[in-house]
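K.L.:
below is the sequence, then the predicted model.
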Amino acid sequence: MTKESAYEGYLDGLKDRTLYGWCYKPSEPTVPVAVDLFVDNMLVTRVPSYEYREDLLKAGKGDGRHSFHYDMSNCVPDDDAIHMISTRVSGTDVELSESPILVRNSDQISIRCYFPWNNLYIGTSGQVHTCQCPSWLGSPNYSIGDIKKQSYDQLWNGPKIRRYREAFIKDNHKKFCRESICPYLNGTDRQIPPGLEVIRAINNRRMELDFGASDLVYDVNDGCNLRCIMCRKDIKPVDKQAVHDAVVNIREIALAGHLQSITVSGAGEVFLFDEFIDLLRSDFFSSHGITVNLISNLTLFTPKIWDEIKHNKIVLSVSVDGATKQTYESIRRGSKWENVHKKLVYVADLLNKGEIEVVNLGCVITSKNAHEIDKVIELVKELGFNLMFLSHRGRLPTKWDNIFESCDIEKLDMVHDLIEGCGGFDINRINLGSCGILKDRKYRQFSYRMEMADYQMRMYGDVEMANRIVQECVNDINDGVIEVDQSQLSGYAKFLDTRSYSGKSPVAVLKDIHARILAANRAEAMPRRISHIVGNDREQQLGKEGHQGESTHDRSGMKAGVVHRFIRRTSLEILQAVFTFSRKALYAIRHGLKDREDHT
C-alpha cells in the first residue's frame, strides 16, 4: 500500500487455508471496501471488508469493521508447487501491504531470497554479484564474474550464479550469506515476491533461466564532488571511459529484455556521469518501461536538469546523513547544508505535485550523527520522503566510528531510544534496512556480537577490537544484561578461526566444558536443556520463567542453584578462555608475520 494511496490495508497472511486481512478508506471510514483476491494473477473472488476487529479499532482504523477472511481451500491447488496470492482494492491497482504472498500446498512459505533469479549488482571494478549489497555476502569478494571480461548471457546463466540458485532452493544459503546482517534473511525487511516466471523457475528447479534480470544495481563510477567520511579522503574525478563502458553495458542488459528497474549509483555522484545523463535525457528508458532510481547527494541537481529528464519514471534517493548544518557538513565534506536543504524542499514540492513518484532519503548511521537520528526522522516527516537507514560496512575515520561493527552498545542504545521515542519503529515509510538489529535491541544478542568479533578478525585482523567485544559480553553476563543457554555456547568460540593456530583452541575448550555441563546435568537429574539468566534479581528470573510454568528454582531447590552457579561459572570460563586465547593468537600472528618479513 503506497503512501499516496487513498486506502489503507494489510494482508495478514494465510492460516489453516484461510486468508486474513483488512482494508479501509480513511475519507469514508464507515463504507466497507471490497478487495479482489488473485491466485497466480487470476481473479478468483471479491470479498467485502466489513468484519469487526478490536485491534483495528484501538489502532484508530475507523470503527474497526474493516477486516475480511476467506477460505482458499478451493482456490489454491495442493500440487506441491508454489503459487502466489495477491490482494488489491477492487477496481484499482492499489495492492495491500505485504501482498503478494507465496503458498505451497495451502501453507504460506517464503523463499529466503529471490535475488539470484531477478537481480544483478555491478561494482565499479566490474565485479558482478547477484546480491544488492556485496557486504551481505559471507565472502564479500565472491562474485559471479566480471562484466569487463564476460557477456551478460555468460554472467546471468554462468556456473557461479547457478550455484546460488541451487543453494536457496535447498535452503543451503548460509555458506554464501551473512544472515545476521542481511535485512531480508534476518527478517527485518521483506522482499516482495517476484513475478510468475521466477516462481515457475523455482517450482521446476531450473538453474538456467530463459529470462533476464528484472533489477539492475550499477555503481557506474566512484567519481564524486564530495569527500564524505564513509567514502574517501579526497575528491575523485570521473573516469569518462568507465562511464562510457557502463552505458554500453546498461544498453545491452536493457535490450536483452525483462529489465524493469535500474539503480545508479551508490559509489559516486550520478549527475557527474554526463554520458549516462544524456541517455536519461533520451527516451531509452521510458520507451522500454524501465524505472530509474538515481542515488545523488543533490549538490548538482537543478530544475533545468529535472525538466530534461522528468519524462522518465524516476525514483530519487538522496543521501543526507544529518539534520543540522554542523553534523551534515562534518560528514558530507565539501557540501553546504543551506544549499542542500533548499533542494530538499524543491524535491518535496515535486513530490507533492506528483511530478516524481517516490523520494527516499538515505542516512548512514555512525558515531558522528547518532545523537540526532530523531531529528533526521522529523526532517523526513516534514518533507514527506521515505527514510532508509544504513549501517556502513568498512572503516570510517576511526574504527570506533562504525558503531555497528564495533558493537558500541552505548551509542546503539542511544540510537534505539531516539528512534523509539519518536515512534520511528512504527512508521511505515521508515525502512531500517541493514540497521534492522536496532529493533528489539538485537545488537545486544550474543549471536550478533560474536559475529562482529569474527568480522573484526576476518576482515581486519583486529584481535584487539574482537577482544573488547568478547570482554563486554563477559561483563554483560556477569551483570545479568543478557541470557545464556547451552544451545548458544557453540557460537561463543566461533568468532576466531582456530584452524590457523596450534594449541588448545576455544573450540576444544568449549567441547570440554560442554561435557562437564552434561555430566553435572545428569548428576543433579536436571532437565536435558539447561538455560540460565545470570543476575541476582530472583524476581526478574521468575518473571521470565513464569509463563513456562513452575520455575527451575522451585522445582529443584538447592540442587538447581548449584547447577546454575556451575553453568554461570563455566559460561564465563568459555568466554574468558576465548578472550585469553585471542590475545595469545594476536601475539603469535603479529610475531609470525614479523618473522616472515624479516626473512624476506
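P.N.:
Nice, I can see it.
K.L.:
host element of the most centrally placed residue in the chain?
P.N.:
The centroid of the chain falls nearest to residue 183 when counting by C-alpha atoms, centre = their mean (2.1 Å). Using DSSP states H and E, no element contains residue 183; it sits outside every helix and strand.
K.L.:
same question, residue 350
P.N.:
helix 337-353.
K.L.:
buried stuff in that helix?
P.N.:
Of all the residues in helix 337-353, those buried under the rule 16 or more other C-beta atoms under 10 Å are 337, 340, 341, 343, 344, 347, 348, 350, 351. (Each C-beta comes from the backbone N, C-alpha and C, glycine too.)
K.L.:
cool, stretch 372-385 as well?
P.N.:
372, 373, 374, 375, 376, 377, 379, 380, 381, 383, 385.
K.L.:
swap in stretch 162-181?
P.N.:
Buried-residue list, stretch 162-181, by 16+ other C-beta under 10 Å: 162, 164-165, 167-169, 173, 176-181.
K.L.:
now do the helices in the stretch 1-150 of the chain.
P.N.:
Along the stretch 1-150 of the chain, the segments classed as helices by DSSP state H, counting those that start in this stretch run 54-58, 115-118.
K.L.:
among these, which gets the worst mean confidence?
P.N.:
Note on those: helix 54-58 shows the lowest mean pLDDT, a mean of 87.
K.L.:
report all helices and strands that that helix contacts.
P.N.:
With contacts taken as 3 or more C-beta pairs under 8 Å, 6 or more residues apart in numbering; DSSP states H and E, helix 54-58 sits against strand 65-71.
K.L.:
list of residues touching the strand it packs on?
P.N.:
17-24, 32-33, 35, 37, 45, 47-53, 56 (C-beta atoms under 8 Å, 6 or more residues apart in numbering).
K.L.:
got the domain ranges for this protein?
P.N.:
For the chain, the structural domains run 8-109, 110-212, 214-316, 320-441, 448-599, going by automatic domain parsing.
K.L.:
least reliable of the ones you listed going by mean pLDDT?
P.N.:
domain 448-599 - the lowest mean pLDDT of the domains of the chain, at a mean of 51.
K.L.:
rewinding a little: export the buried residues of helix 337-353 to TSV and tack on distance to residue 363?
P.N.:
What follows is the buried residues of helix 337-353, written out as TSV (distance: C-beta to C-beta, whole Å):
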residue	distance to residue 363
337	14
340	13
341	14
343	16
344	13
347	16
348	16
350	20
351	18
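K.L.:
and which of these is nearest residue 112?
P.N.:
residue 351 (33.5 Å; C-beta to C-beta).
K.L.:
show me the contacts for the closest one.
P.N.:
So residue 351 contacts 359, 383, 384, 385 (C-beta under 8 Å, 6+ apart).
K.L.:
contacts for whichever strand or helix holds residue 327?
P.N.:
Using DSSP H and E, the element containing residue 327 is helix 325-331. With contacts defined as C-beta under 8 Å, 6+ apart, helix 325-331 is touched by 228-230, 320-322, 335-338, 340, 364, 366, 368-369, 372.
K.L.:
at 7 Å what do you get?
P.N.:
228, 229, 320, 321, 322, 335, 336, 337, 368, 369, 372 (C-beta atoms under 7 Å, 6 or more residues apart in numbering).
K.L.:
pull the number of nearby residues for residue 275.
P.N.:
17 (other C-beta atoms under 10 Å).
K.L.:
now do residue 472
P.N.:
Neighbours around residue 472, by other C-beta under 10 Å: 16.
K.L.:
pretty sure it sits in a helix.
P.N.:
Yes: counting by DSSP: H, G, I helix; E, B strand; the rest coil, residue 472 is found in a helix.
K.L.:
ok, back up a step: same list (the buried residues of stretch 162-181) but as CSV, adding distance to residue 121 and secondary structure.
P.N.:
What follows is the buried residues of stretch 162-181, written out as CSV (distance: C-beta to C-beta, whole Å; DSSP: H, G, I helix; E, B strand; the rest coil):
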residue, distance to residue 121, secondary structure
162, 17, helix
164, 12, helix
165, 16, helix
167, 17, helix
168, 16, helix
169, 21, helix
173, 17, helix
176, 14, coil
177, 14, strand
178, 15, coil
179, 18, coil
180, 20, coil
181, 16, coil
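K.L.:
farthest-separated two in these?
P.N.:
Checking these with C-beta to C-beta, the most distant pair is 162 and 180, at 26.0 Å.
K.L.:
quick one, strands of the stretch 151-300 of the chain?
P.N.:
215-218, 261-264, 291-296 (DSSP state E, counting those that start in this stretch).
K.L.:
I'd like those strands laid out as a markdown table, including mean neighbour count and distance to residue 444.
P.N.:
Converted to a markdown table, the strands of the stretch 151-300 of the chain look like this (neighbours: other C-beta atoms under 10 Å; distance: least, C-beta to C-beta, whole Å):
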| stretch | mean neighbour count | distance to residue 444 |
| --- | --- | --- |
| strand 215-218 | 22 | 32 |
| strand 261-264 | 21 | 33 |
| strand 291-296 | 20 | 32 |
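K.L.:
check contacts around the nearest residue to residue 233 once chain neighbours are set aside.
P.N.:
Using C-beta to C-beta, 6 or more residues apart in numbering and skipping the chain neighbours, the partner closest in space to residue 233 is residue 227 (6.3 Å). Each residue near residue 227 by C-beta under 7 Å, 6+ apart is listed here: 233, 234, 235, 333, 334.
K.L.:
just residue 410 next, same as before
P.N.:
Residue 410 touches nothing, counting by C-beta under 7 Å, 6+ apart.
K.L.:
ok, it to residue 462 distance?
P.N.:
20 Å (C-beta to C-beta, to the nearest Å).
K.L.:
now the end-to-end length of stretch 425-436.
P.N.:
Using C-alpha to C-alpha, to the nearest Å, one end of stretch 425-436 lies 10 Å from the other.
K.L.:
can you list the buried residues in it?
P.N.:
Going by 16+ other C-beta under 10 Å, stretch 425-436 has these buried residues: 429, 430, 431, 432, 433, 434, 435, 436.
K.L.:
farthest pair in those residues?
P.N.:
Maximum pairwise distance in these, criterion C-beta to C-beta, is 17.3 Å, between 429 and 434.
K.L.:
coming back round to it: which of the contacts of strand 65-71 are buried?
P.N.:
17, 19-24, 32-33, 35, 37, 47, 49, 51, 53, 56.
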